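S.K.: I would like the atomic coordinates for the input below:
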Amino acid sequence: MPMDANEIEALIKAALPDAKVEIRDLAGDGDHYAANVVSETFRGISRVQQHQLVYQALKGNMGGELHALALQTKAPD
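M.R.: Take a look at the predicted model:
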């Protein structure tokens, strides 16, 4: 069963409460999304570590209910 964009956003915001999150359904199938996540938590850590934090927030749904997530992360300007 595919994940809803609102569910993805809620999981990320639960783990990173200050995050600004934008989710787009890339294929209209509920399986392929793009996410833009901006959080102060990302300041001073590598891009890989930033992505790991987001994947942890998704609580194991990546690769299961959520097939693909094109991810962009950064600290606020």
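S.K.: surely residue 22 touches residue 35?
M.R.: Yes - using Cβ atoms under 8 Å, residue 22 makes contact with residue 35 at a distance of 7.0 Å. Placement of C-beta: from N, CA and C, glycine included.
S.K.: more crowded one of those two?
M.R.: Neighbour count, other Cβ atoms under 10 Å: between residue 22 and residue 35, residue 35 has more, with 19 against 12.
S.K.: residues in contact with the more buried one?
M.R.: Shown in contact with residue 35 (Cβ atoms under 8 Å, 6 or more residues apart in numbering): 8, 12, 21, 22, 23, 24, 54, 69, 70, 71, 72.
S.K.: the first one: what's it in contact with?
M.R.: When contacts are counted by Cβ under 8 Å, 6+ apart, residue 8 is found next to 23, 33, 35, 58, 66, 69.
S.K.: quick one: the strands in this structure?
M.R.: 20-25, 32-38, 68-74 (DSSP state E).
S.K.: which parts of the first one are buried?
M.R.: To tie it back to what came earlier, the one meant is strand 20-25. 21, 23, 25 (16 or more other Cβ atoms under 10 Å).
S.K.: out of those, flag the one nearest to residue 47.
M.R.: residue 21 (16.9 Å; Cβ to Cβ).
S.K.: so the closest one touches residue 34, yeah?
M.R.: No - at 11.3 Å, residue 21 and residue 34 do not qualify as touching, with contact defined as Cβ under 8 Å.
S.K.: what is the burial count for residue 14?
M.R.: Neighbours around residue 14, by other Cβ under 10 Å: 11.
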